[in-house]
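**Student:** What follows is a predicted structure for the sequence shown.
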Amino acid sequence: MSRIGRVERSTKETSVVVEIDLDGTGRVEVGTGVGFFDHMLDQLGRHGLFDLTVKTEGDLHIDSHHTIEDTALALGAAFRQALGDKVGVYRFGNCTVPLDESLAQVTVDLSGRPYLVHTEPENMAPMIGSYDTTMTRHILESFVAQARVALHVHVPYGRNAHHIVECQFKALARALRYASERDPRAVGILPSTKGAL
């Protein structure tokens, strides 16, 4: 049974189409008009082994905020859709990823309850190309709100802004992959004592 989510989101500010296959091979085709954000989405698909297609047209003549935010919202909704009933998944996933001098620790619970804890160094450069580095937290907030997952992201140290952000996306990709993979010992079992996720 395929686990594919597809979401289209259109507003006066953006037009977004996201499709994700949780059981893919890491094939990625993304285009948002924000180069560094595309690079991060590429990390998410490739390291999560998700087939990911993202096509966003936004009001970049204003800035990149709406484009990035609406893409993250659609991505979260598509991820939740692809998960389906969550029967047989591991539910929890975590990964620690270094990128040179930076380190990211990510833990996720496919709990059905959106919650984000996010820490990263405060002395980061404000921009990476046209990417506002304060958007990283907002991307995660938007994703969590729609995916309905509990997500803890911690970057205890790092100097280079590119490295600090990229290791977060790589660790997120792996944590989501591990949490959403099917557990061969839990076929037909929902990983919850409540009987609902």
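**Tutor:** It's in.
**Student:** Every contact and neighbour count from this point should use C-alpha atoms.
**Tutor:** Noted.
**Student:** V187 reaches G88, doesn't it?
**Tutor:** Yes - under the criterion of Cα atoms under 8 Å, V187 makes contact with G88 at 4.9 Å.
**Student:** Compare these two and say which is more crowded by neighbours.
**Tutor:** Taking neighbours as other Cα atoms under 10 Å, V187 and G88 compare with G88 leading, 18 against 11.
**Student:** how many other residues sit next to the closest residue to E181 other than its chain neighbours?
**Tutor:** With sequence-adjacent residues excluded and distances taken as Cα to Cα, 6 or more residues apart in numbering, E181 is closest to V89, at 5.4 Å. By other Cα under 10 Å, 23 other residues sit near V89.
**Student:** Same check on E101?
**Tutor:** 11.
**Student:** Next: P184.
**Tutor:** 10.
**Student:** what's the residue nearest to it when sequence neighbours are not counted in contact with, if anything?
**Tutor:** Once flanking residues are discounted, P184 sits nearest to G88: 7.6 Å by Cα to Cα, 6+ apart. Counting by Cα atoms under 8 Å, 6 or more residues apart in numbering, G88 makes contact with 182-184, 186-191.
**Student:** Also A72?
**Tutor:** Contacts of A72 by Cα under 8 Å, 6+ apart are 139-140, 142-143.
**Student:** T107 too?
**Tutor:** Counting by Cα under 8 Å, 6+ apart, T107 has contacts 92-95, 151-153, 172, 175.
**Student:** ok, and the most crowded of those residues?
**Tutor:** Neighbour counts for the contacts of T107, by other Cα under 10 Å, peak at L172, which reaches 30 neighbours.
**Student:** Kindly export the helix or strand hosting that one (C-alpha atoms) in CSV.
**Tutor:** Taking DSSP states H and E as the definition, one finds L172 inside helix 161-180. Output in CSV follows, covering the C-alpha atoms of helix 161-180 (Å, rounded to 0.1, in the frame of the first residue of the first chain):
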residue,chain,number,x,y,z
ALA,A,161,25.1,29.7,9.4
HIS,A,162,24.9,27.4,6.3
HIS,A,163,26.2,24.5,8.4
ILE,A,164,24.0,25.2,11.3
VAL,A,165,20.8,25.2,9.2
GLU,A,166,21.8,22.3,6.9
CYS,A,167,22.7,19.9,9.7
GLN,A,168,19.2,20.5,11.1
PHE,A,169,17.5,19.5,7.9
LYS,A,170,19.7,16.5,7.5
ALA,A,171,19.0,15.3,11.0
LEU,A,172,15.3,16.1,10.6
ALA,A,173,15.2,14.0,7.4
ARG,A,174,16.7,11.0,9.1
ALA,A,175,14.6,11.3,12.3
LEU,A,176,11.4,11.5,10.2
ARG,A,177,12.6,8.5,8.1
TYR,A,178,13.2,6.4,11.2
ALA,A,179,9.9,7.3,12.8
SER,A,180,7.8,6.7,9.7
